[in-house]
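**Q** I need the structure of the sequence given here:
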Amino acid sequence: MALFRDLLYRVYERVLEREVLAAPLPQHVGLILDGNRRFARSNGEDAASGHKLGADKMDEVLAWAEDLGIPTITAWILSIDNLDRPASELAPLIEIIEQKVSQLALAQADMKFPRRIRGFGRLDLLSPSTREALALAEERTAEHGPWALNFAVGYGGREEIADAVKLLLLDAARQGRSVEEAAAAVCPESISRYLYTAEHSDPDLIIRTSGEVRLGGFMLWQSVYSEFYFCDVYWPAFRRIDFLRAVRSYQDRHQRRGR
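**A** Next up is the predicted model:
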């Protein structure tokens, strides 16, 4: 029975992939990696094991995105609120993040489409070792592109918008503008130029795992025209078929232009 079920699964996956490849694909996919701890608890394991499995899942998802030709991936791997977790839980998570970022940076040289890696968020709140791992990953992959892999670390959507406005006003002050002139320069287009993701297009599709139906603050500004896909499975259990279904859902809604 299991063999027959696996066969049906593979056949369905191939049919779904052909369907997806025949329609316009998202160029930028955002990922909210949720459910690592709950997945671990459901298997009687500690939170660190769930985070480790979640980190390993990134390798698979990046391979799936490469197969489909999706050039930009932005993954939310640590929220600013996560920094308030107990040290006993946060320390192993930070170590896993540092190891995975470093591993992915080294692996890009062997990829068909190597990605340039960049971390963004309130990086000043992170430990020196985490900032160093992100900086080294950026340095090692600086010549790659235009394919990109962004990690939102110590990230919050409200904080990003606040930081963008601050930078805009500071630039105006450095240029000798008055408060009135600086305020007059504040508009959606000018704020967009100071966001963490200013060099990228806004995400076409945002996927959140674990059954939570909310963004939780992820890319609040950039997601105004994004399509959302909320998947019931926990992130470590996220399958290729789930990824294909998310892309197909985007294609169906994109063709209707939100109607």
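**Q** CA atoms for contacts and neighbours, from now on please.
**A** Will do.
**Q** need the helices for this protein, in chain order.
**A** For the chain, helices defined by DSSP state H occupy the ranges 2-21, 36-42, 47-68, 87-107, 128-140, 157-174, 179-184, 188-192, 240-256.
**Q** Can you check which of these gets nearest to R208?
**A** helix 240-256 (9.8 Å; Cα to Cα).
**Q** Tell me the helices and strands packed up against the closest one.
**A** Where contact means 3 or more Cα pairs under 8 Å, 6 or more residues apart in numbering; DSSP states H and E, helix 240-256 is packed against helix 2-21, helix 47-68, strand 205-208, strand 227-230.
**Q** CSV for these, including mean pLDDT?
**A** Formatted as CSV, the helices and strands packed on helix 240-256 follow (pLDDT from 0 to 100):
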stretch, mean pLDDT
helix 2-21, 86
helix 47-68, 96
strand 205-208, 98
strand 227-230, 97
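**Q** between the ones you listed, which gets nearest to T197?
**A** Nearest of the helices and strands packed on helix 240-256 to T197, taken as Cα to Cα: strand 205-208 at 14.6 Å.
**Q** outside of that closest one, which residues touch it?
**A** 26, 28-34, 215, 223, 226-231, 246-247, 250 (Cα atoms under 8 Å, 6 or more residues apart in numbering).
**Q** How about stretch 228-238?
**A** Residues from elsewhere that reach stretch 228-238, judged by Cα under 8 Å, 6+ apart: 33-36, 38-39, 50, 53-54, 57, 205-213, 242, 246, 249-250.
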